[in-house]
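**Q** structure of the sequence below:
(one chain, ligands or ions: 2)
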Amino acid sequence: MTDFIAGLPKCELHLHIEGTLEPELKFELAERNGIELPYASVEEIRAAYSFDDLPSFLKIYYEGMDVLRTEPDFYDLAMAYLRKAASQNVRYAEIFFDPQAHTSRGVPFDIVIRGLRRALIDAENRLGIKAQLIMCFLRDFQAEYAMATLLSSLPYREWIVGVGLDSDEKGNPPVKFKAVYERARQEGYLLTMHCDVDQENSTEHIRQAIEEIGVDRIDHGVNSLEDPALVEAIRARGLGLTVCPISNGYVTDSMKADAIRRMLDLGLRVTVNSDDPAYFAGYVQENLVALADALSLSREDLVQLERNAFEITWLPRHVKDAYLAELDAYAAR
Ligand code: HPA
Ligand code: ZN
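**A** Numbers count the residues shown, from 1 in each chain. Ligands and ions are numbered 1, 2, ... in the order given. Sure thing, here's the model as predicted:
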């Protein structure tokens, strides 16, 4: 099954580029930028990765990205991810980035986006992997800062396919960003947001995301299963759910494999993604293998997961169809 998964044309839709910063690159960038890390080795960095919920993960995640300072740093970060993803036969990725995690420490927006954009172009030309960017707002910052970030993104509108919402969900419901999302929609961005797993008021947040914000997709969204009305709303609107099994295992009590099985059985457009693979020790291949092991997934299940993913991508219909044809050809072999 591992080989079948390796050959499967794959798609990744829930991936924070800052969460792909591996310890080796962290050291390289620290040296490049004259930053002293409080760790002596790659092993020491990995040993310091201890988290058991979203806030404890986020603390380490934000500390880690301090080494990212210049346009080449962001280029190298994205290029390393795209190389890894291409090696796992990820054919297409929609990549989150957190501009406020950089602008809040003095790195200009244009440095971040230019580095990422240049990597996407080079990766498509050299590696054949296609990707688009989704700009996330940090929900534990004020809505005004999100709005200012949205406005500073407008000169780069053509480089960004949509907006998302991440960081600490507790006390930061979707409706806090209603005006920001309305403006983002007006500017032509597609809309997604995190509804993290097992949060305080999880189901109410999912309801807000669907009904009050009108999202085009939901990141995580596992707790929707607790409310039949939410399941029905997700199905009726054809909303995709970008679920992250190994990540769930770190920040909640389990991978939530049974929930993913139920979503598949209900015909929801559930997908499998890696979230922050440098921290959760698993890219998309490892996530699919872990889930296949936990649920004894069939080949048809695995193909269905990737069909869901390509179907809910933010790509033009004819490009989606080309990837789906590639998937079907693999499945028929
Ligand atoms: N949830 C919220 N914020 C995040 C995540 C996540 O899964 N990954 C990186 N920032
Ligand atoms: Zn995430």
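
**Q** from here on, just use CA atoms for contacts and neighbour counts.
**A** Fine.

**Q** wait, what's in contact with the single nearest residue of the chain relative to ligand 1?
**A** Taking CA to the nearest ligand atom as the measure, the chain has Ser167 as its residue closest to ligand 1, at 3.4 Å. Taking CA atoms under 8 Å, 6 or more residues apart in numbering, we find Ser167 in contact with 58, 138-140.

**Q** buried subset of these?
**A** 138-139 (16 or more other CA atoms under 10 Å).

**Q** the contacts of Ser167 in strands, which ones?
**A** Leu138 (DSSP state E).

**Q** now the two most distant members of the contacts of Ser167.
**A** Leu58 and Arg139 (12.3 Å; CA to CA).

**Q** overlap of the contact sets of the two?
**A** With CA under 8 Å, 6+ apart as the test, Leu58 and Arg139 both reach 167-168.

**Q** got the contacts of Ser167 as JSON lines, with pLDDT and distance to ligand 1 columns?
**A** Shown next, in JSON lines, are those (pLDDT from 0 to 100; distance: CA to the nearest ligand atom, whole Å):
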{"residue": "Leu58", "pLDDT": "96", "distance to ligand 1": "6"}
{"residue": "Leu138", "pLDDT": "98", "distance to ligand 1": "8"}
{"residue": "Arg139", "pLDDT": "98", "distance to ligand 1": "9"}
{"residue": "Asp140", "pLDDT": "98", "distance to ligand 1": "10"}
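
**Q** output the contacts of Ser167 as TSV; include the columns distance to Lys130.
**A** Below are those laid out as TSV (distance: CA to CA, whole Å):
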residue	distance to Lys130
Leu58	28
Leu138	26
Arg139	28
Asp140	31
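
**Q** tell me the one of the contacts of Ser167 nearest Phe97?
**A** Looking across the contacts of Ser167 and measuring by CA to CA, the closest to Phe97 is Leu138, at 10.3 Å.

**Q** that closest one reaches Gln100, doesn't it?
**A** Yes - between Leu138 and Gln100 there is a contact under CA atoms under 8 Å: 6.7 Å.

**Q** could you name the helices and strands sitting against the longest helix seen in the chain?
**A** The longest helix of the chain (DSSP state H) is helix 109-127. Helix 109-127 sits against helix 71-87, helix 100-103, strand 130-138, with contacts defined as 3 or more CA pairs under 8 Å, 6 or more residues apart in numbering; DSSP states H and E.

**Q** return the most buried member of the ones you listed.
**A** strand 130-138 (a mean of 23; mean count of other CA atoms under 10 Å).

**Q** gap between that strand and the chain center?
**A** Mean-position distance between strand 130-138 and its chain equals 8 Å (CA atoms, centre = their mean, to the nearest Å).

**Q** what's the answer for stretch 98-115, then?
**A** 18 Å.

**Q** what's the first-to-last distance across it?
**A** Start-to-end span of stretch 98-115 (CA to CA, to the nearest Å) is 13 Å.

**Q** tell me the buried residues in that stretch?
**A** Under 16+ other CA under 10 Å, the buried positions of stretch 98-115 are 98-102, 107-115.

**Q** ditto for stretch 23-33
**A** Under 16+ other CA under 10 Å, the buried positions of stretch 23-33 are 23, 25-27, 29-30.

**Q** mind checking which of these land in strands?
**A** Using DSSP E, none of the buried residues of stretch 23-33 sit in strands.

**Q** what is the nearest of those residues to Leu241?
**A** Pro23 (29.4 Å).

**Q** apart from its neighbours in sequence, what residue is nearest that closest one?
**A** Leaving aside its sequence neighbours, Pro23 sits nearest to Val42 (CA to CA, 6 or more residues apart in numbering; 5.4 Å).

**Q** enumerate every residue touching Ala78.
**A** 17, 116, 119-120.

**Q** so what's Arg261 closest to, chain neighbours aside?
**A** Leu295 (7.4 Å).

**Q** can you read off the pLDDT for the one you found?
**A** According to the prediction, Leu295 has pLDDT 98.

**Q** what about it, how many residues nearby?
**A** 13 (other CA atoms under 10 Å).

**Q** for the stretch 101-250 of the chain, which residues are neighbours of ligand 1?
**A** 166-168, 196 (CA under 6 Å from any ligand atom).

**Q** can you redo these as CSV with secondary structure?
**A** What follows is those, written out as CSV (DSSP: H, G, I helix; E, B strand; the rest coil):
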residue, secondary structure
Asp166, strand
Ser167, coil
Asp168, coil
Asp196, coil
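
**Q** in the chain, which spans are strands?
**A** For the chain, applying DSSP E gives strands covering 10-12, 90-97, 130-138, 160-166, 190-191, 194-195, 217-220, 240-243, 269-272.

**Q** as a markdown table, those with distance to Met147 would be great.
**A** Compiled in a markdown table, the strands of the chain are given as follows (distance: least, CA to CA, whole Å):
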| stretch | distance to Met147 |
| --- | --- |
| strand 10-12 | 27 |
| strand 90-97 | 16 |
| strand 130-138 | 9 |
| strand 160-166 | 12 |
| strand 190-191 | 14 |
| strand 194-195 | 18 |
| strand 217-220 | 20 |
| strand 240-243 | 25 |
| strand 269-272 | 30 |
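
**Q** please consider this matter closed, and thank you.
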